[in-house]
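J.: A structural model of the following input is requested.
(chains A, B, C and D)
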2 protein chains.
Amino acid sequence: MARLPVYLRILIEQANENVECISSEGLAELGGVNAAKVRKDLSYLGSYGTRGVGYEVAFLVYQIRRELGLTHDWPVVIVGAGNLGQALAGYGGFGERGFPVAGVVDIEPTKVGSLIGGVRVRHIDDLAQIVQSRRVSIGVVATPPEAAQDAADRLVRAGATSILNFAPVVLVVPRGINVRKVDLAVELQILSYYEQRRVGVGLHAIAANDAGRGASA
Amino acid sequence: MARLPVYLRILIEQANENVECISSEGLAELGGVNAAKVRKDLSYLGSYGTRGVGYEVAFLVYQIRRELGLTHDWPVVIVGAGNLGQALAGYGGFGERGFPVAGVVDIEPTKVGSLIGGVRVRHIDDLAQIVQSRRVSIGVVATPPEAAQDAADRLVRAGATSILNFAPVVLVVPRGINVRKVDLAVELQILSYYEQRRVGVGLHAIAANDAGRGASA
DNA sequence: CGCGCTTTGTGAACGTGTGCACGAATGCAT
DNA sequence: ATGCATTCGTGCACACGTTCACAAAGCGCG
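T.: Below is the predicted model:
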């Protein structure tokens, strides 16, 4: 069900272009996936399509939002005001998509107080207070690797129940805490893997586009 | 085989701590995966373990590096000197892990010339020259969504064969070009999906924080 | 030298996700 | 009203990845 967010973004784009109705095939092409897969995914939310016509864009947007829990905002707190933390806080895309930055914290006193993307950096000791007062359940770990586990522990203690981890370490968290990891170096290494094979295999590295990712046309 | 980079990082850490030998079970625990999975993954590179003992860390590092094509550096070029592009260029982790930033380009003349992470921003028209002179095969798209497709097209024309895309759009590229996508908002939406279900399902409150948080309709 | 302990490597069962193909339902033209 | 074209919903077969379980293989010790 990791494809629902992709459908949602495409549907919102379509709605902005005043498209009222879309077929599974159209949505599949825009999303770079199989049409049958689209139908299966959407049928999982219930049968909201009209046979012979397609899906009503606005209604589908509403249903996916509901399924993803995007009917209200989810404030996030960013731990680590380094390069990445600053970029994430300054990147407006989060707030627009329903994830306003409720706070940025850092352990380094010299970083506390500066203003990033309209949010003032506070000390990590204030984490619990921020999480509780702003009803934050999602924490973003954007610290150096050696500080990541401590950041995660603090987030969990403060009451966060989901963590998005950018540090290249495997976080250990209690059961029930949800962790997703984004490791930029890993992504590059996977690309380099295919690049390396490309040379040996020759130019027919079609299989290089692994099944779910990327679109080629 | 997207787990090889994870193993590699752990093995390098172990090597730095002078661990010479590691069992599949030990590696599995550090990597947060199943031991049998580790053995299957490693057996894919060949039978490099010693039964009754484990795997020699240094040798395994070498083999994985070889498999991933990390025996030499892969210079990358970053398209887009906005928030994210600056963070990526300034983030030292890339160079350390074998992906030095060969250049940063932007289409905005006002951004050209500034220094980011020791690299001077150049105009996007210089992209082809950078790619060819520095033998770049991996491009990073860190532009706003509406500029991402153009950035990808330019990268492909310049000769890049792999693209790491941070923009929330589905890139259309010729066959044989490898694309990986990292969509930060999607990651958050997936977390929010589980958060939303958490409330409904009434997960036995292991986290033991206030259970009724975030309930809304 | 042989025995037993440990750990790898892998065959087989299992579950999950994918894609095809087709029935069912809807709208439209005649 | 009837037939036709279109598109959804879904059963089914298939392929892939995961996990278990066990035989083969190495090491150390008596």
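J.: Can you classify the closest residue to A:K37 other than its chain neighbours as helix, strand or coil?
T.: Excluding the flanking residues, the one nearest A:K37 by C-beta to C-beta, 6 or more residues apart in numbering or on different chains is A:A28, at 7.1 Å. Heads up, the C-betas are built off the backbone N, CA and C, glycines and all. Here A:A28 is recorded as helix under DSSP: H, G, I helix; E, B strand; the rest coil.
J.: Just confirm yes or no for whatever helix or strand A:R39 lives in near DNA strand D.
T.: Per DSSP states H and E, A:R39 falls inside helix A:35-43. Yes. Shown here: helix A:35-43 in contact with DNA strand D (C-beta under 7 Å from any atom of the strand) through A:35-36, A:39-40, A:42-43.
J.: To what extent is the residue nearest to A:K37 buried, counted in neighbours?
T.: Close neighbours of A:A28, defined as other C-beta atoms under 10 Å in any protein chain shown, add up to 20.
J.: I'd assumed A:K40 was in contact with it.
T.: No. Between A:A28 and A:K40 there is no contact under C-beta atoms under 8 Å: 11.0 Å.
J.: For whichever helix or strand comes after the helix holding A:R39, what does the pLDDT average out to?
T.: Sequence-wise, the next helix or strand downstream of helix A:35-43 (DSSP H and E) is strand A:49-50. The pLDDT scores in strand A:49-50 average 94.
J.: Run me through the strand neighbours of strand A:49-50, direction for each.
T.: strand A:54-56 (antiparallel) (DSSP bridges).
J.: List of residues touching the strand it pairs with?
T.: Residues outside strand A:54-56 that contact it (C-beta atoms under 8 Å, 6 or more residues apart in numbering or on different chains): A:20-24, A:26-27, A:42, A:48-50.
J.: 7 Å instead, please
T.: A:20-23, A:42, A:48-49 (C-beta atoms under 7 Å, 6 or more residues apart in numbering or on different chains).
J.: Then stretch A:81-97?
T.: Residues contacting stretch A:81-97 (C-beta under 7 Å, 6+ apart): A:76, A:78, A:100-101, A:104, A:106, A:111, A:116-117, A:119, A:121, A:140, A:142, A:166, B:83-84, B:86-87, B:90-91, B:185.
J.: One more: stretch A:3-13?
T.: A:27, A:30-31, A:33, A:41, A:57, A:60-61, A:64-65, A:67-68, B:168, B:186, B:189-190.
J.: Pretty sure A:R180 sits in a helix.
T.: No. Remark: A:R180 does not belong to a helix; assigned using three-state DSSP, it is strand.
J.: So it sits against B:I190, correct?
T.: Yes. Contact criterion C-beta atoms under 7 Å: A:R180 and B:I190 qualify, at 6.4 Å.
J.: Can you name the residues of chain A sitting close to DNA strand C?
T.: Counting by C-beta under 7 Å from any atom of the strand, the residues of chain A that sit close to DNA strand C are A:33-34, A:36-37, A:39-40, A:50-53, A:211-212.
J.: pLDDT score for A:G117?
T.: Model confidence at A:G117 (pLDDT) stands at 87.
J.: same question, the one 5 residues further on
T.: Here, the pLDDT recorded for A:R122 equals 98.
J.: dump the residue contacts of the closest residue to it other than its chain neighbours.
T.: If the residues on either side of it in the chain are set aside, A:R122 comes closest to A:V105, at 5.3 Å by C-beta to C-beta, 6+ apart. Contact partners of A:V105, counting by C-beta under 7 Å, 6+ apart, are A:77, A:79, A:121-124, A:126-127.
J.: in the sheet, who's paired with A:V105?
T.: Beta-bridge pairing of A:V105 under DSSP bridges involves A:V79, A:R122.
J.: For B:A151, state which of the residues of helix A:35-43 next to DNA strand D is nearest.
T.: A:A35 (28.2 Å; C-beta to C-beta).
J.: sorry, back to before: now list the buried members of the contacts of A:V105.
T.: When those are checked for burial by 16 or more other C-beta atoms under 10 Å in any protein chain shown, the buried set is A:77, A:79, A:121-122, A:124, A:127.
J.: Need those in TSV (columns: distance to A:T161).
T.: Converted to TSV, the buried ones among the contacts of A:V105 look like this (distance: C-beta to C-beta, whole Å):
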residue	distance to A:T161
A:V77	12
A:V79	15
A:V121	24
A:R122	21
A:I124	19
A:L127	14
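J.: Need these in TSV (columns: distance to DNA strand D).
T.: Putting these into TSV (distance: C-beta to the nearest atom of the strand, whole Å) gives the following:
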residue	distance to DNA strand D
A:V77	31
A:V79	29
A:V121	38
A:R122	39
A:I124	34
A:L127	33
